[in-house]
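Q: model this:
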Amino acid sequence: MRDVSVLTIAKGRTEHLHNVVRGLAAQSIPPRELVIAVMDDLPYDLLPETPFPVRQIHVTRTDGELPLSAARNAAAVHAMGDVLAFVDVDCIPHPDLVADVADACHPGRGLVMGEVAYLPKGATDKGLQFNIFDRIGVRHSDRQAPPRFGLMKCEDYRCFWSLNFAMHRDDWALSGGFDEGYYGYGGEDTDFGRVLDHRGIDIWWMKGAKVYHQYHDHCMPPVHHLHSVVRNAEYFASRWGHRTMGHWLHAFHLMGLIDNAPEGLTILREPDAADLDMCRQTEDMPYANSRRVMDKLQAELGTEADRRRAAEAGEAAISAIAAE
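A: Numbers count the residues shown, from 1 in each chain. You can find the predicted model right below:
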């Protein structure tokens, strides 16, 4: 059995991180270690006890932007296991996650994406009750369902997202890791998927290796990250010849936040309270959904001709919504 290092990156979210640690302590096969890339000034203290070591490493930027790519890369550098299992700080691992990825990830397999179930607000108030999580957790409506069993090839690199994935360290080395030219929010996942596709490294959907996404306030499209989304979309274009996050950029354009011109993106104004309210996940939603907001924006356009033009302009962007 290959040993597994579980890696997470964290800024704030202390209670979420505690639940990640508790979930790992409940594994049917314990991980070799947990490596936390801390994007705050100070390490986390008073973490729950575990039967495996927990190591924290410090990764920050002087400008305060989130160094998501650099943090994942740093965690991988410090990991010692054969398999690198990346679990976001807001995701509680199912008790069989470590066993599942240990079995699935061998040299040459590529990248494996596990299942994700979104929990409603308050789901963890009484602790980790996995049988209840299985009953109330839901799949994101814009995400691919897992296969009935085993693995299923993912044919579109844009569908990769870093919420819950694992690779053998040999395949990670072949990938080169995440491009650290991305910082703040957005773009680095699609770039990583594009690199894997370019280098012939397979991406797989997996039945199992499940995590439960903990509820937290969020906006989608991410208007609260307007500047970093715009910057990272242009950086992606400098590498690959076209922008990514097109569905978000289209929404920002419909909201009057940006001029989405082929020759360059221009921020026209800052998001206001109305923009945030439109995009914010409400307490009755287990997850935020860009499609809901984009449908609303297009429905509110003034004339049928306006709606038709907007729909045509956004068709390619909306087709990529599964990669948000």
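
Q: how does the protein divide into domains?
A: Using automatic domain parsing, the domains assigned to the chain come out as 4-213, 223-323.

Q: ranking those by burial, who's on top?
A: domain 4-213 (a mean of 19; mean count of other C-beta atoms under 10 Å). All C-beta spots, glycine's among them, are computed from the backbone N, C-alpha and C.

Q: Just the terminal-to-terminal distance for it.
A: Domain 4-213 has its terminal residues 21 Å apart, counting by C-alpha to C-alpha, to the nearest Å.

Q: Next: stretch 195-211.
A: Across stretch 195-211, the terminal residues are separated by 25 Å (C-alpha to C-alpha).

Q: Am I right that residue 6 sits in a strand?
A: Yes: assessed with DSSP: H, G, I helix; E, B strand; the rest coil, residue 6 lies in a strand.

Q: Give me the below-cutoff pLDDT ranges for the protein.
A: Residues of the chain meeting the criterion pLDDT under 70: 1, 302-324.

Q: do that again at 50, thanks
A: Across the chain, the ranges flagged by pLDDT under 50 are 303-305, 314-324.

Q: Would you state the strands of it in chain order?
A: Secondary structure of the chain by DSSP state E: the strands cover 4-10, 33-38, 54-58, 83-87, 91-93, 111-113, 116-118, 151-153, 164-168, 203-206, 211-213, 258-261, 264-267.

Q: mind checking which of those strands is nearest residue 131?
A: Residue 131 sits nearest to strand 211-213 of all these, at 11.7 Å, using C-beta to C-beta.

Q: chain center to the closest one, what's the gap?
A: 12 Å (C-alpha atoms, centre = their mean, to the nearest Å).

Q: again, but for stretch 281-299
A: 18 Å.

Q: Assess the claim that residue 189 and residue 160 are in contact.
A: Yes: taking C-beta atoms under 8 Å as the definition, residue 189 is a contact partner of residue 160 at 5.8 Å.

Q: thinking again about what came up before, now tabulate the strands of the chain in TSV and tack on distance to residue 223.
A: Listed next are the strands of the chain as TSV, based on distance: least, C-beta to C-beta, whole Å:
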stretch	distance to residue 223
strand 4-10	23
strand 33-38	26
strand 54-58	30
strand 83-87	26
strand 91-93	23
strand 111-113	27
strand 116-118	21
strand 151-153	34
strand 164-168	25
strand 203-206	29
strand 211-213	21
strand 258-261	11
strand 264-267	11
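
Q: Would you confirm that residue 288 contacts residue 216?
A: No: contact criterion C-beta under 8 Å: residue 288 and residue 216 do not qualify, at 9.8 Å.

Q: Now do the shared contacts for those two.
A: Counting by C-beta atoms under 8 Å, 6 or more residues apart in numbering, residue 288 and residue 216 have no common neighbour.

Q: how close does residue 36 sit to residue 86?
A: Distance, residue 36 to residue 86, using C-beta to C-beta, to the nearest Å: 12 Å.

Q: any residues in contact with both of these two?
A: Counting by C-beta under 8 Å, 6+ apart, the shared contacts of residue 36 and residue 86 are 7, 8, 75.

Q: From residue 246, how far out is the nearest residue to residue 106 once chain neighbours are set aside?
A: Closest residue to residue 106 apart from its sequence neighbours, by C-beta to C-beta, 6 or more residues apart in numbering: residue 168 at 5.7 Å. Look at residue 168 and residue 246: by C-beta to C-beta, they are 32 Å apart.

Q: Which residue, other than its chain neighbours, is closest to residue 223?
A: Per C-beta to C-beta, 6+ apart, closest to residue 223 is residue 271, 4.2 Å.

Q: Test my guess that that neighbour contacts residue 221.
A: No: at 10.1 Å, residue 271 does not count as touching residue 221 under the criterion of C-beta under 8 Å.

Q: sorry, back to before: and the residue nearest to residue 106, how far from residue 50?
A: Distance from residue 168 to residue 50, by C-beta to C-beta: 23 Å.

Q: so who does residue 244 touch?
A: Applying C-beta under 8 Å, 6+ apart, the residues near residue 244 are 158, 187, 190, 191, 232, 233, 236, 237, 320, 323.

Q: Once you drop chain neighbours, what's closest to the second one?
A: When you say that, I think you mean residue 187. Using C-beta to C-beta, 6+ apart, the closest residue to residue 187 is residue 232 (3.4 Å).

Q: can I assume the one you found is in contact with residue 189?
A: No: if you go by C-beta under 8 Å, residue 232 and residue 189 don't touch, sitting 10.4 Å apart.

Q: Sweet, I'm off.
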